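Chemist: structure of the sequence below:
(chains A and B)
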2 protein chains.
Amino acid sequence: MKKLTTTIFTLFALGLLHAQTIESPSKEVKVNFELTKNGQPSYSVTYKGKEIVKPSTLGITLRDKEALDNGFKVVNYTTKSVNDTWQPVLGEYKNIQDLHNEGKIELIQPATNRQINVTFKVFDGGVAFRYEIPQQEKLNHFSITAEKTQFNLTGDHTAFWLPADYDSQEYVYTKTKISGIDHSLIDMGNGISLKSIAKPDAVQTPLQMKTADNIYLNIFEAAVVNYPVMHLATNKSTYQFESILAPSAVGDVAFLQTPFNTPWRTIMVSDDARNIVSQGPQMILNLNEPSKIKDTSWIKPMKYVGIWWEMHVGVSTWDRKGSQNAQNQLGQEAIKFPHGATTQNTKRYIDFAAKNGFNGVLVEGWNTGWEDWAGNWKDEVFDFTTPYDDFDIKSIADYAKGKNVSMIMHHETSGSVSNYERRFDRAMEVMKKYNYPAVKTGYVGRIIPRGEFHDGQRMVNHFNWTAERFAENKILLNSHESHRPTGYQRTYPNYIAAEAARGNEFNAWSYGNPPAHETILPFMRMLGGPMDYTPGIFEIKMSHYDPNKKEQVHTTLAKQLALYVTIYSPLQMAADLPENYERYADAFQFIKDVALDWDDSKYLEAEPGEYLTVARKAKGTQNWFIGAITNENARKSSIKLDFLTPGVKYEAIVYADAKDAHWEKNPKAYQIKKIKVDAKSTLKLDLAAGGGTAISIVPIK
Amino acid sequence: MKKLTTTIFTLFALGLLHAQTIESPSKEVKVNFELTKNGQPSYSVTYKGKEIVKPSTLGITLRDKEALDNGFKVVNYTTKSVNDTWQPVLGEYKNIQDLHNEGKIELIQPATNRQINVTFKVFDGGVAFRYEIPQQEKLNHFSITAEKTQFNLTGDHTAFWLPADYDSQEYVYTKTKISGIDHSLIDMGNGISLKSIAKPDAVQTPLQMKTADNIYLNIFEAAVVNYPVMHLATNKSTYQFESILAPSAVGDVAFLQTPFNTPWRTIMVSDDARNIVSQGPQMILNLNEPSKIKDTSWIKPMKYVGIWWEMHVGVSTWDRKGSQNAQNQLGQEAIKFPHGATTQNTKRYIDFAAKNGFNGVLVEGWNTGWEDWAGNWKDEVFDFTTPYDDFDIKSIADYAKGKNVSMIMHHETSGSVSNYERRFDRAMEVMKKYNYPAVKTGYVGRIIPRGEFHDGQRMVNHFNWTAERFAENKILLNSHESHRPTGYQRTYPNYIAAEAARGNEFNAWSYGNPPAHETILPFMRMLGGPMDYTPGIFEIKMSHYDPNKKEQVHTTLAKQLALYVTIYSPLQMAADLPENYERYADAFQFIKDVALDWDDSKYLEAEPGEYLTVARKAKGTQNWFIGAITNENARKSSIKLDFLTPGVKYEAIVYADAKDAHWEKNPKAYQIKKIKVDAKSTLKLDLAAGGGTAISIVPIK
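Modeler: Numbers count the residues shown, from 1 in each chain, chains lettered A, B, ... in the order given. Next up, the predicted model:
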């Protein structure tokens, strides 16, 4: 970390301190802090002189103790200016600048003699603040019953939202005015097996909005540690949101001990949508603690294939008996399928990975328990150590080692976290014995300890605990059905990816993800961290497997390629079956070529729900990769390649939709052309409806 | 196991089977089963022709499913007569006879097509029955919301009861009529830190009663596995009890999957109180499954000392800082004490154990976390692996090995079971590394997972799981603050003892255990299994440590010796400090001599709340030990030694109260005499108020 300037001012003129203003370095973003008449903390935000958050109050209520929400006096105010640059282990950028001004307001509640600080960090891209509860005589152990953080907005903005569900983020995004947020708009037959709606018409964070005068606003959070993730109650008439948090089994939302800092509450703002998706994730990372892993040399990106999509399209099963796959679970005819995770099939995937330069093979359904695994709130489902009798774990480990391929362990918990934690160390022993350097965890189902939610403090602690435990053992973690990331991968960089949103899999067995889905993801889920979206499906239509099936991926094949660039992740799956890739070897070449870790990223075009174009420079090379995607509408644009090194000649391979391509009518029609480009070139993009373009740009030697 | 006779009859005349009678082998106990008019299962019990349980209905209610409590038809009825003899690994008896008649009523609920069996086992000492829910098409995963098992008694019996508390059994027993059961009689300033009263005036099981015509009745249960332990709601006017079970965090009492059998509900009956305490524990064991541990050769009795009573009397502390012991936790002056678990002090105890032939040394407070350990529902208190810096675990392990003494690990969880389970395997590694063959676990505090109770299914499973996991590692388990045992130590004989009642420790820092306490224990807590009561306190009065202290043990010194015989346990602590034993070396000799495992036990005299005299023959020897205790009243009696081998001469060492002994006024006055006895001898016992006599009888060589 390079620390350029840090200046601290402390102001002691306490009587005058009931109001403070903190400006961003550019002075475009300003926060005004004020105590209300009854001593309640309050803040408001302006952007380029316009109010974007009206005075909004802050507070926390406690179990069996006076609430920390009024009667405060300011006792101290300190400011700090920060301009640091640091290097993530893996990332979209080689260097991340942390440039902000900080103001810390120290408050005391004379009636209780309790102290609390509110600290603001004001970036050019937005505002962050948190509650800090220092160690103090009058407050040691405590539990929070509610956080009452308000976000009073200035108008009836357009919003992209997910319903506040304490157990799932796997919904399709809905776009309405704030006044139109309405859970009844959601089709609940959406393939989500577990739904725990927090409150009518409440929404999740991140919440992406756009004002009538084209300002992009986003409410989110960073560094969720030992605390639930934040949802928002909606007041549709006043355009006010207020934090709501998943309760524990006994109602309290967080059990804590001083000193404690809440997560940062963030308000990103810009009049250019591209700033949200480029600066937003960096702001979230800046608000997280630096890596706690000292030696990070073992943390490498990973491109993988696996025995997984087979079960989603219904040609094999997770269980040994041949009954459990994603097709027949949904009530379709129960056919006898072959078990996917056999020794033979696994070796086939290892061969395919080795041949094509992939360094990982995931195998789901390798272990006993799948016959009766989901939906029954069952405590002991998996033991995480016993392979099925047709999965020779030793022979597979040896085979993979011989081919220089890493096996990726799979720990599906079915939501029974108690059972997983009890067996965790023994599961780890198996991984160490058979050289598994990475793990995919899964949490399909209601949580055990019963009464807890995926989004609550207990589970946030579990997910973070797994990251820490796997780090101790130098194992990469990719969690599915976990809480949405909030930048904690800065602190535990082995937490390489998460799902935590509606992934590609829904296309196989539900009405799927509409073509706009992947244009919204970067404004929502992706702000918090890498996603294991599992792109790369070439056999778009499920009728490929069964003529009666209507389900399909809602993109063109070319757009599936573009997703490797638009969806940032140092862990990427080539999700389709090897035989499907072999039939489209020319298109598959892009997946083989695309990088996973970057020196730089240029968000060239972005509009939530419409389109996204990003160019990324592969780390330590002069190679660039571009991904461009559109929603259900065809789209033409042209992009300047002025980010290329001047004077260098490159070959660009353009993987584009064919002229007659269409996500529904003709999704597999693509064309590949090679052209020469340089920094002065402009590329014309021609995206089909639901289409995309993927481009690799490599210097000509 | 020697299986003498087993006969199975199956009756197919279904129409006639709505009522059945099952008799005990002696025909003194009879159960009548009947379906009520609306098809509800019902039973009644007679003893020697007298009704002792009036018709009482049975049933179970389920979450989101029709209740299994009416609309049944009998589909089959089978009977079986059993006369087996088996050998416990450790026990009160070398051989245990399992002699009973069984009747299984198979029921179907035509409206749901669901099946349930009710199976009765009728012993000469009482009745046991359970619900059996077989694997079936119409019932797989299910959860129980209530068990509605009634016990309709015939009169206003005298009852010895504990309040139904889902988190504690550490109350003083209250003796009233059933109609007088009243929680307001309980002094709640009783030193119990966590109380979770289930329901007003409800009681725990075991529930010992005595009828007006001197019949002893006891309601209890056996083989609690994957199910809560049973409490009883009280109807004081009808003398009816009904089962109540600790709820999970979400309300349901048990999450289950067919096939499943509930624990056995037991009704012990006799007109001789001695039969309750002699036959009762055998009946409970007979109702449990045989040992699941194949090689039990490593399971040995253990007599131990430890760094423990020091903290209870307040001369040292659990924590390193010197602030936490059982005296100052109770609000007394916070003095700076020395940490108990130092290397030097531990070696002193090891020396003492080795010198006196004890094979175990327990050390509490050896590990970090004690500074802030109890009462705050804190998730992560202990890590179970990190010794304090003044406890050199390696040097101590080596020293103990050199002295041929076993170290007993201590795992206090502070109720945070999630944390313990997460760290369990690493804790076990430490135990294996440093040769700890036994562990004492502790659960002081509200349970985490939050919302769960000590007595609920989740915790029953935890305690049983620890037994199983320790068995895998050949480690003996002694649990404190666990649910009350129900004979599961037959199945996991390494579960060598438990606390689960009000132990001797309460005498150090609360109003203590009244002199009658230990005369009631055998009729209550001891029916389920061995108790780590920690007897052997010689410095009876706390004024020994601090002149201002009024607390004391409510027995004479001689009674402390007698408890080693009256309270059965293959694990016994000599709880007092080494220096105290050294001052009373002649009395201490009994603790050194007394056996822990037995060929036979003779309950010579017994009346709950009054007195108990038991003689036990040490396993594989001709040595006998006798313990006789009384309540607050002095008592004289004479006992015949006709259980001794005829013709053999023995030396008896009698450790008796001195003439002027009195538990309060003169507790340490004892006398020791040696006499010659044989099978024709009669011994006169002269017990002081709150006194006792301990006798060793060894053949003269």
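Chemist: which positions in chain A make contact with chain B?
Modeler: A:140-141, A:143, A:248-250, A:255, A:257, A:376-379, A:418, A:421-422, A:424-426, A:449-452, A:458, A:461, A:465 (C-beta under 8 Å from any C-beta of the partner chain). Quick note: C-beta positions are derived from backbone N, CA and C, even for glycine.
Chemist: in the stretch 151-300 of chain A, which spans are strands?
Modeler: Remark: strands assigned in the stretch 151-300 of chain A by DSSP state E, counting those that start in this stretch are A:158-161, A:174-177, A:203-204, A:207-210, A:216-222, A:230-235, A:240-245, A:254-257, A:260-261, A:264-270.
Chemist: no wait, the stretch 601-701 of chain A
Modeler: Under DSSP E, counting those that start in this stretch, the stretch 601-701 of chain A gives strands at A:611-618, A:624-630, A:635-640, A:650-657, A:670-677, A:682-687, A:692-699.
Chemist: out of the ones you listed, which is the most enclosed?
Modeler: Burial of the strands of the stretch 601-701 of chain A is given as mean neighbour count (mean count of other C-beta atoms under 10 Å in any protein chain shown); strand A:624-630 ranks first at a mean of 29.
Chemist: how near is A:Ser248 to A:Ser601?
Modeler: 39 Å (C-beta to C-beta, to the nearest Å).
Chemist: the two: which is more packed in?
Modeler: Neighbour totals were compared for A:Ser248 and A:Ser601, and A:Ser248 leads with 25 against 21 (other C-beta atoms under 10 Å in any protein chain shown).
Chemist: per-residue pLDDT, that one?
Modeler: Per-residue confidence (pLDDT) for A:Ser248: 98.
Chemist: isn't it up against A:Ile447?
Modeler: No: in this structure, A:Ser248 is not within contact of A:Ile447 by C-beta atoms under 8 Å, at 10.8 Å.
Chemist: would you reformat the strands of the stretch 151-300 of chain A as TSV and include mean neighbour count and mean pLDDT?
Modeler: Listed next are these as TSV, based on neighbours: other C-beta atoms under 10 Å in any protein chain shown; pLDDT from 0 to 100:
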stretch	mean neighbour count	mean pLDDT
strand A:158-161	23	98
strand A:174-177	16	98
strand A:203-204	25	98
strand A:207-210	25	98
strand A:216-222	25	98
strand A:230-235	23	98
strand A:240-245	22	98
strand A:254-257	22	98
strand A:260-261	17	98
strand A:264-270	25	98
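Chemist: so which of those gets nearest A:Asn32?
Modeler: strand A:264-270 (13.0 Å; C-beta to C-beta).
Chemist: can you name every helix or strand that that closest one contacts?
Modeler: strand A:41-47, strand A:50-57, strand A:126-133, strand A:216-222, helix A:273-286 (3 or more C-beta pairs under 8 Å, 6 or more residues apart in numbering or on different chains; DSSP states H and E).
Chemist: now do the contacts for A:Asp383.
Modeler: By C-beta atoms under 8 Å, 6 or more residues apart in numbering or on different chains, the residues touching A:Asp383 are A:367-369, A:423, A:426.
Chemist: what of A:Phe523?
Modeler: Neighbours of A:Phe523 in contact, by C-beta under 8 Å, 6+ apart: A:160, A:206, A:208, A:218, A:273, A:276-277, A:280, A:606, A:608.
Chemist: tell me the domain boundaries of chain A?
Modeler: Chain A resolves into domains spanning A:5-286, A:515-537+A:556-567+A:574-701 when parsed by automatic domain parsing.
Chemist: now, of those, which is deepest in the fold?
Modeler: Among those, domain A:515-537+A:556-567+A:574-701 has the highest mean neighbour count (mean count of other C-beta under 10 Å), at a mean of 21.
Chemist: the domains of chain A: which one's closest to B:Pro535?
Modeler: domain A:5-286 (35.8 Å).
Chemist: where does the stretch 1-150 of chain A dip in pLDDT?
Modeler: For the stretch 1-150 of chain A, the stretches flagged by pLDDT under 70 are A:1-17.
Chemist: one more: chain A?
Modeler: Across chain A, the ranges flagged by pLDDT under 70 are A:1-17, A:329-335.
Chemist: rerun that using 80 as the cut-off
Modeler: A:1-18, A:328-336 (pLDDT under 80).
Chemist: quick one on the thing from earlier: who wins for proximity to B:Trp308 among the helices and strands packed on strand A:264-270?
Modeler: Of all the helices and strands packed on strand A:264-270, it is strand A:126-133 that lies closest to B:Trp308, at 36.9 Å by C-beta to C-beta.
Chemist: the inter-axis angle of the closest one versus strand A:50-57?
Modeler: 10 degrees (axes from the mean of the first three to the mean of the last three C-alpha atoms, to 10 degrees).
Chemist: partners of the helix or strand following strand A:126-133, with directions?
Modeler: Next in sequence after strand A:126-133, counting helices and strands by DSSP states H and E, comes strand A:141-147. Using DSSP bridges, the strands paired with strand A:141-147 in its sheet are strand A:60-62 (antiparallel), strand A:254-257 (antiparallel).
Chemist: would you turn the ones you listed into CSV with distance to B:Phe588?
Modeler: As requested, the strands paired with strand A:141-147 are exported to CSV (distance: least, C-beta to C-beta, whole Å):
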stretch, distance to B:Phe588
strand A:60-62, 53
strand A:254-257, 45
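Chemist: any idea what A:Thr78 is bridged to?
Modeler: The partner residues for A:Thr78, given DSSP bridges, come to A:Thr10, A:Lys104.
Chemist: that one contacts A:Asn117, doesn't it?
Modeler: No: A:Thr78 lies out of contact with A:Asn117 (C-beta under 8 Å); the separation is 9.4 Å.
Chemist: tell me which residue in the stretch 551-700 of chain A sits closest to chain B.
Modeler: At 25.6 Å from chain B, A:Leu571 is the closest residue in the stretch 551-700 of chain A, using C-beta to the nearest C-beta.
Chemist: check contacts around that residue.
Modeler: A:Leu571 touches A:301-304, A:438, A:476, A:478, A:496-497, A:530, A:532, A:596, counting by C-beta under 8 Å, 6+ apart.
Chemist: so the nearest residue to it once chain neighbours are set aside is in which element?
Modeler: Distances taken as C-beta to C-beta, 6 or more residues apart in numbering or on different chains put A:Ala497 closest to A:Leu571, at 4.1 Å, once the chain neighbours are dropped. Here A:Ala497 sits within strand A:495-498, counting by DSSP H and E.
Chemist: that older thread, show me the beta-bridge partners of the residue of the stretch 551-700 of chain A closest to chain B.
Modeler: Under the criterion DSSP bridges, A:Leu571 forms beta bridges with A:Met302.
Chemist: how far away is it from B:Glu147?
Modeler: Distance from A:Leu571 to B:Glu147, by C-beta to C-beta: 49 Å.
Chemist: can you give me the neighbour number for A:Phe352?
Modeler: Using other C-beta under 10 Å: A:Phe352 sits among 19 other residues.
Chemist: which strand or helix spans it?
Modeler: Counting by DSSP H and E, A:Phe352 is part of helix A:343-356.
Chemist: pretty sure A:Lys394 sits in a strand.
Modeler: No: counting by DSSP: H, G, I helix; E, B strand; the rest coil, A:Lys394 is not found in a strand; it is helix.
Chemist: which residues touch it?
Modeler: A:Tyr434.
Chemist: wait, doesn't A:Phe352 sit right on A:Pro578?
Modeler: Yes: contact criterion C-beta under 8 Å: A:Phe352 and A:Pro578 qualify, at 4.1 Å.
Chemist: overlap of the contact sets of A:Ser248 and A:Ile447?
Modeler: With C-beta under 8 Å, 6+ apart as the test, A:Ser248 and A:Ile447 both reach A:Arg458.
Chemist: out of the contacts of A:Leu571, which is nearest to A:Ile197?
Modeler: Nearest member of the contacts of A:Leu571 to A:Ile197, counting by C-beta to C-beta, is A:Asp532, at 25.4 Å.
Chemist: for the closest one, give its distance to A:Lys236.
Modeler: In terms of C-beta to C-beta, A:Asp532 sits 34 Å off from A:Lys236.
Chemist: got it, and A:Phe352?
Modeler: Distance, A:Phe352 to A:Lys236, by C-beta to C-beta: 51 Å.
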